[in-house]
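J.: Model the structure of this input:
(one chain, ligands or ions: 1)
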Amino acid sequence: MLKILQITDMHILPEADETLMGVNTDESFAAVLNQAFRQHQHFDLILLTGDLAQTPTPKSYQRIINRLKAYNTACLCLPGNHDDTEVMDKVMNNGNISSAKAHKIENWQIICLNSQIPGSADGALSPAELEFLTRQLEKHSTTPTLIAVHHNCLPTECSWLDTMMIKNSEEFLHIIRQHSQVKLVSTGHIHQEMKRKYHNIPILGTPASCFQFKQESSQFAIDNKPPGYRVLNLENDGSFSTQVYWLDEIAAGLNPALQGY
Ligand SMILES: [Fe+2]
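T.: Coordinates of the predicted model:
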């Protein structure tokens, strides 16, 4: 069994005293790590699904590495719209931390896709990214596969967020539907829990480690919910179970009245 801790959308800033929407995102990330390991003791892997940094400088990524150090756990990461893939690749390949795109771990394959359109908050999967996905799936046609990607490939009920979802998600969904070893897709970006299915493939959204967006809202709005994370238990036979967990309290300093960032 492979026990994975998914943390997403940390939006880390370079300086210790900086905040986003009133939240010290570094402290909020630390609180999520702390509670997850206290509650579950051990993870085989930490999966960071994009928007690791709000300001994507080496200093921001170094802060993430500093927080991870205490847990001595392998970590995979992929970029979100706020990340700088070049800086991320340089800093986030360090010891047991990797930004590589494909991994064979125990009985499973984990594929980390890049849905970033440089300079835009919207998502898309480039022809090269879709080709890579197809190649990996063809090469490991019987290996149970988890696909991780930052942007959502199915709509939420938030129209303002859905303008940013993977533009060519139909192409992506068409590919995964043809490969029965794809067991699930897990994403970030939407700062809320999502649990949907596409032709029996669970499509999951994981809450952010800082603050959440209000569900079923047509415009930008912050929800009254604490930071969260997801635990994925991937079994050797290709089955899995998963659950989202929330911290007890809303991130200190959160100012829900702010209209964006
Ligand atoms: Fe994002």
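
J.: Let me see the ranges of the helices in the protein.
T.: Secondary structure of the chain (DSSP state H): helices at 25-40, 58-69, 85-91, 127-139, 159-162, 169-177.

J.: Can you check which of those gets nearest to the ion?
T.: Among the helices of the chain, helix 159-162 comes nearest to the ion, with 9.4 Å by CB to the ion. Bear in mind the C-beta positions are built from the backbone N, C-alpha and C, glycine included.

J.: So which residues of this structure form strands?
T.: Under the criterion DSSP state E, strands of the chain are mapped to 2-7, 45-49, 75-78, 97-98, 102-105, 108-113, 145-149, 182-187, 194-198, 201-205, 228-234, 240-246.

J.: what mean pLDDT does the third one have?
T.: The one in question is strand 75-78. Average pLDDT, strand 75-78: 98.

J.: Establish whether it and the ion are in contact.
T.: No: for strand 75-78, no contact with the ion is found by CB under 5 Å from the ion; the gap never falls below 11.5 Å.

J.: Report all helices and strands that that strand contacts.
T.: When contacts are defined as 3 or more CB pairs under 8 Å, 6 or more residues apart in numbering; DSSP states H and E, strand 75-78 sits against strand 45-49, strand 97-98, strand 108-113, strand 145-149.

J.: Can you tell me which of these is nearest to the ion?
T.: Among these, the nearest to the ion by CB to the ion is strand 45-49 (9.4 Å).

J.: helices or strands up against that closest one?
T.: Packing partners of strand 45-49 (3+ CB pairs under 8 Å, 6+ apart): strand 2-7, strand 75-78, strand 145-149, strand 182-187.

J.: Would you format the ones you listed as JSON lines with distance to Pro127 included?
T.: Output for these, formatted as JSON lines (distance: least, CB to CB, whole Å):
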{"stretch": "strand 2-7", "distance to Pro127": "27"}
{"stretch": "strand 75-78", "distance to Pro127": "18"}
{"stretch": "strand 145-149", "distance to Pro127": "16"}
{"stretch": "strand 182-187", "distance to Pro127": "19"}
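
J.: I'd like the ones you listed laid out as CSV, including mean neighbour count.
T.: Output for the helices and strands packed on strand 45-49, formatted as CSV (neighbours: other CB atoms under 10 Å):
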stretch, mean neighbour count
strand 2-7, 22
strand 75-78, 25
strand 145-149, 26
strand 182-187, 22
